[in-house]
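[1] Turn this into a structure:
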Amino acid sequence: MNKYLIGICVLIFLGWSHSSYAQRPLPQNGRQVQNPNQRVQREAMQQATEEELENGRRTLLDDSTRMVFGPTTALFFYEKDIKRNSLTLYPQDTSLTNFHNYDPVAKGGWVYQDLGNIGSAAQSIFYEIPTMIGTRSGFHAYDIYYHAPEERKYFDTKSPFTNMSAFFGGGNRNMLDIEFARNVNPRWNVGFEFHTIRSRKTLNPTARDDNMVEQNSYSIHTNYRSENGRYWFLGNFSRMRHLVNEIGGIIPPELDSNSVYFTYEDAKVWLRNTQVRDLRQDYHFYHEYKVQDGLQLYHIFDKKKQEVNFDALLNTTDSLFYPSTRLINPDTTTNSNNFSEWRNEFGLKGTFGGFYYNAYAKLRNGRMRNPNFPENNVFNEVFIGGELIGKLSEKWSLSAEGEYLIPGAFRLKGTFQSPWLNVEYTKALYKPTSMQQQFAGNHYAWENDFQNTGVDQIKGELKFDFKKIKIRPSLTINRVNNYVFFNEERLPEQASGEAYMLMPGVRSEIRIGKKFQWDSEVLFTSVSGEAADAFRIPEIFANTRLYFDSPAFNDNVYIQMGLDVRYKSSFYADAYWPSHQQFFIQNRFEVYAYPVVDVFLDFRINRTRVLLKYNHLNSGLMQQEGYFVTPDYTGYKSFIDLGITWYLFD
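    Numbers count the residues shown, from 1 in each chain. Model (predicted):
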């Protein structure tokens, strides 16, 4: 740990030494450019300069007429906005709000259920409609730690830009993120990202570097515009290697009288010689050509690969965790699954009469390979689809989109947005995953012919925005039929009936005086119907944050300091099974209700942000000794996290 502390001190000093002026908070909404086929850099820079002059802030030129680079000169955008002819340029984020929730589960609002450590298997607590209606791999336990190529940032910079972030969590839970971009010329930008996770086991580590999770991921990206603005190219290559040394959870005290919950480092766990490796590799590019005003042709290419390998030594005590069934090897379990796909989407799009339109055809080919399959599980899929968006004004819009998989699967979605009401309706029929249909491992094997899953979902949100109070009541209604889940025997099963979910909720942001803020979110869930038991969702889910929020020291330091509280009511949460990386329903272990209180201090000096967070402040003050996140997996004990993020612009 000493070398990490020395390194971070050096980096802090370098980051601060490169900060040339105190940057006030920036609006996090991007600046929209109606025509993406133009020199967006120059226009965005002009807008940034005008905004800074209006607000009495420093312009891009200082008193010596030297160019000053900052968050408004290293702009970024997303592929989805280019595709929709609605390019939005975003400045770099200097906000402190929620900065202390740095790891993916916390950053996502705690809506994920994991195994109590950064990088561990995770799934959403709530039902989610898949974005892909065609065949998926089915191995999604580590999706939230992967930076998908479709969601990558592309940069439009005026100078070399570097973003360095380091997170040092208590118990040796560490993350490092590095981002770099630069302009080769005004129309061509290149860059790369690097991410790493090193999380020591929170339960029964045997050494200082006895890690549960080790991840290295990186991407290389570029974007280019032709001189006449007619052609645009975005491309990236991404790779992640995510390694997990599984622990299997704490041995239940009813099975071993010497096992005790909430002893953390001294806990008795099931596994010592079991490992999962999830390797993902993607080639992705998007390019378009403007034929004439109102008409562009585009093409999207994807080549994706996911290799999931599971190894367990059964001639050790690990064998006690697994079923006695040995279908392939009595001494070692080696499950290997390799999913790959090629995707080509060809389409035309444009803007006509104030409406954006898009029509496309998509070809998708792939296979799941398993050495124990008699032959590869191959799929060939053809999609047709389109989208129509009408932006009536800055605050009023209508959109409709649809996609049809020939034959038998589809997705239809309509959205209405206004200053006071948002409504969204989705109707879909999507295919089961490849893994749900066919699997061959050492302990389990199956071959199914499940039907497609159907869903109707309607979401509505009212917006009451006043000067110091924002209140957003919401309602989500889901109807799901033919849902595929993993049952108590850890086998995939298709529910025979329908499930109905009624989910009212409310979000609020209240300013108290000039220096205090209170943000809250509460969501109630009621599940009914013949298939209700396939969904294990807490009845009450709530997050709230009360904090001091104000500049200090003549506006040279910006501070947020307060309490973060999260709560879920008692429910029989899904358990986790390592050998095929799936969560499954269970009725043995109730994850009881428990409020978790964290105290945090976030502050920013110039462009450098620092977080200090004390996890589980109320440890030892409750009736229970601690809390669980998943059956037999305890949540965090009390410890301190430290993190830092800073930008370099030259």
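[2] Just the buried positions in the top strand by length along the chain, please.
    When secondary structure is assigned using DSSP state E, the longest strand within the chain turns out to be strand 332-352. Judged by neighbour count (16 or more other C-beta atoms under 10 Å), strand 332-352 contains these buried residues: 333, 335-341, 343, 345, 347, 349-351. C-beta here means a position set from N, CA and C on the backbone, and glycine is covered the same way.
[3] would TSV of those residues with pLDDT be doable?
    Listed next are these as TSV, based on pLDDT from 0 to 100:
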residue	pLDDT
333	96
335	97
336	97
337	98
338	98
339	98
340	98
341	97
343	97
345	98
347	97
349	97
350	96
351	92
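[4] neighbours of residue 525, just the number please.
    Using other C-beta atoms under 10 Å, residue 525 has 22 neighbouring residues.
[5] In contact with it, which residues?
    Going by C-beta atoms under 8 Å, 6 or more residues apart in numbering, residue 525 touches 126, 501, 502, 503, 537, 538, 539, 540, 541.
[6] Just the buried residues of these.
    126, 501, 503, 537, 538, 541.
[7] quick check, distance from whichever strand or helix holds the third one to the centre of its chain.
    By that I understand residue 503. Under DSSP states H and E, the secondary-structure element containing residue 503 is strand 498-512. Here the centre of strand 498-512 is set off from its chain's centre by 20 Å, with C-alpha atoms, centre = their mean, to the nearest Å.
[8] quick one: buried residues of that strand?
    In strand 498-512, residues buried by neighbour count (16+ other C-beta under 10 Å) are 498, 499, 500, 501, 503, 505, 506, 507, 508, 509.
[9] Surely the last one touches residue 544?
    Same thing as residue 509. No. Applying C-beta atoms under 8 Å as the test, residue 509 and residue 544 come out as separate, 11.2 Å apart.
[10] quick one: common contacting residues for the two?
    Shared contacts of residue 509 and residue 544, defined by C-beta under 8 Å, 6+ apart, are found at 518, 519.
[11] Do me a favour and get the end-to-end distance for stretch 199-215?
    Between the opening and closing residues of stretch 199-215 we find a distance of 9 Å, counting by C-alpha to C-alpha, to the nearest Å.
[12] buried stuff in that stretch?
    By neighbour count, and taking 16+ other C-beta under 10 Å as the criterion, the buried residues in stretch 199-215 are 199, 200, 201, 202, 203, 204, 205, 211, 212, 213, 214, 215.
[13] What separation do you get for the last one and residue 175?
    The spacing between residue 215 and residue 175, counted by C-beta to C-beta, to the nearest Å, is 9 Å.
[14] which residues are in contact with both of those two?
    Common contacts of residue 215 and residue 175, defined by C-beta under 8 Å, 6+ apart, comprise 195, 196, 197, 198.
[15] From those residues, list the buried ones, please.
    195, 197, 198.
[16] out of those, which one sits closest to residue 232?
    Proximity of those to residue 232 (C-beta to C-beta) peaks at residue 195, which lies at 26.8 Å.
[17] so what's the closest one closest to, chain neighbours aside?
    By the measure of C-beta to C-beta, 6 or more residues apart in numbering, the closest residue to residue 195 outside its immediate chain neighbours is residue 217, 4.7 Å from it.
[18] Give me the pLDDT for that neighbour.
    What the model reports for residue 217 is a pLDDT of 97.
[19] Okay, and the beta partners of it?
    On DSSP bridges, the residues paired with residue 217 through beta bridges are residue 195, residue 240.
[20] Contact partners for it?
    Taking C-beta under 8 Å, 6+ apart, we find residue 217 in contact with 145, 146, 147, 194, 195, 196, 238, 239, 240, 241, 242.
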